[in-house]
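A.B. asks: Structure of the sequence below:
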Amino acid sequence: MLGHVKIEKVLFLDIETVPQYPTFDQVPEKLRQLWEHKAIKLKEKEEITVEKMYERAGIYSEFGKIICISVGFIHNNQLRIKSFASDNESQLLNDFAVMLQNNFSKPGTLLCAHNGKEFDFPYISRRMLINGIELPPLLDIAGKKPWDIQHLDTMELWKFGDYKNYTSLALLTAIFNIPTPKDDIDGSQVGQVYWQDNDLKRIVTYCQKDVVAIAQLLLRYKGMPLIEENDIIFT
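C.D. replies: Take a look at the predicted model:
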């Protein structure tokens, strides 16, 4: 599978996002009204207030922000991991865009994430536009034919054309026997760890683990050996 993909030309990534404000009470009035309008449509039959639903705002690029982008690439049988993490989203995104432009703009380069086509790639692109940052070529897909878009999605690849369900990265690493460190948080806790615990470093560690898992999963798809733990380098 994926015999045409050169693993050395793949940049693996994962992002972590949170609501733009610590609590709903701190959201500016105009955005608060817009969130209420969206939340009413989202909650349907759930017995939950729009204020409580604001904890989920981080998954929507219009109401959330990126606090960490972790990336990884394989070279000489080593997986090298780097993270862009900051309270300043604009600076984080600009640094990430510069890295893509300078180091990953050659023909054949691919971005790879789990559920990346539905979440990571569009989220990053939207937040870049909101922050006035020019899209790097790898993210600027407007007008491109589907086969010219340089994106891989490990969840989409697993579907083999089946669109009925979502398959988590945790499930896929389990069935492919990919060793993963035990996480002390999950995605639903990222907002709390950021806004209440003020522990961005802990979130970065969590994000990096997902990048390792995504890279190992793509290796499994390709029938290649996994990267040994001693060959995973954090820079």
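A.B. asks: Please give the element, helix or strand, for the nearest residue to E55 once chain neighbours are set aside.
C.D. replies: Among residues not flanking E55 along the chain, G191 sits closest, at 5.9 Å (C-beta to C-beta, 6 or more residues apart in numbering). Where you see a C-beta, it was placed from the backbone N, CA and C, and this is true even at glycine. Using DSSP states H and E, G191 maps to helix 190-195.
A.B. asks: Would you mark the buried spots in that helix?
C.D. replies: Neighbour counts over helix 190-195 (16 or more other C-beta atoms under 10 Å) mark 190-191, 193-195 as buried.
A.B. asks: mind listing what A213 touches?
C.D. replies: 114, 169, 173, 178, 180 (C-beta atoms under 8 Å, 6 or more residues apart in numbering).
A.B. asks: For the second one, which residues are in contact?
C.D. replies: Shown here is L169, whose contacts under the criterion C-beta under 8 Å, 6+ apart are 114, 154-155, 210, 213-214, 217.
A.B. asks: who wins for neighbours among those residues?
C.D. replies: H114 (29 neighbours; other C-beta atoms under 10 Å).
A.B. asks: from memory that one sits against D210, does it?
C.D. replies: Yes - under the criterion of C-beta atoms under 8 Å, H114 is in contact with D210, at a separation of 7.3 Å.
A.B. asks: Find residues that contact each of those two.
C.D. replies: Contacts common to H114 and D210, judged by C-beta under 8 Å, 6+ apart, are 14, 169.
A.B. asks: any low-confidence regions in this protein?
C.D. replies: 43-46, 182-183 (pLDDT under 70).
A.B. asks: How far off centre is the helix ranked longest in it?
C.D. replies: The helix that spans the most residues within the chain, counting by DSSP state H, is helix 200-221. Relative to its chain's centre, helix 200-221 lies at 10 Å (C-alpha atoms, centre = their mean, to the nearest Å).
A.B. asks: Which elements pack onto the helix or strand following that helix?
C.D. replies: Where DSSP H and E defines the elements, the next helix or strand beyond helix 200-221 is strand 232-234. In terms of contacts (3 or more C-beta pairs under 8 Å, 6 or more residues apart in numbering; DSSP states H and E), strand 232-234 is packed against strand 78-85.
A.B. asks: could you point out which element follows the strand it packs on?
C.D. replies: In the C-terminal direction, the helix or strand that comes right after strand 78-85 (DSSP H and E) is helix 89-103.
A.B. asks: domain parsing for the protein?
C.D. replies: 7-20+68-228, 21-62 (automatic domain parsing).
A.B. asks: need these in JSON lines with distance to T235, can you?
C.D. replies: Formatted as JSON lines, the domains of the chain follow (distance: least, C-beta to C-beta, whole Å):
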{"stretch": "domain 7-20+68-228", "distance to T235": "5"}
{"stretch": "domain 21-62", "distance to T235": "27"}
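A.B. asks: which of the ones you listed is buried the deepest?
C.D. replies: Burial of the domains of the chain is given as mean neighbour count (mean count of other C-beta atoms under 10 Å); domain 7-20+68-228 ranks first at a mean of 17.
A.B. asks: Leaving out sequence neighbours, find the closest residue to G108.
C.D. replies: Using C-beta to C-beta, 6+ apart, the closest residue to G108 is K9 (4.9 Å).
A.B. asks: wait, that neighbour sits on T109?
C.D. replies: Yes - K9 is in contact with T109 according to C-beta under 8 Å; the separation is 5.2 Å.
A.B. asks: secondary structure class for E16?
C.D. replies: Secondary structure assignment for E16 (DSSP: H, G, I helix; E, B strand; the rest coil): strand.
A.B. asks: State the distance from it to L217.
C.D. replies: With the distance defined as C-beta to C-beta, to the nearest Å, E16 ends up 19 Å from L217.
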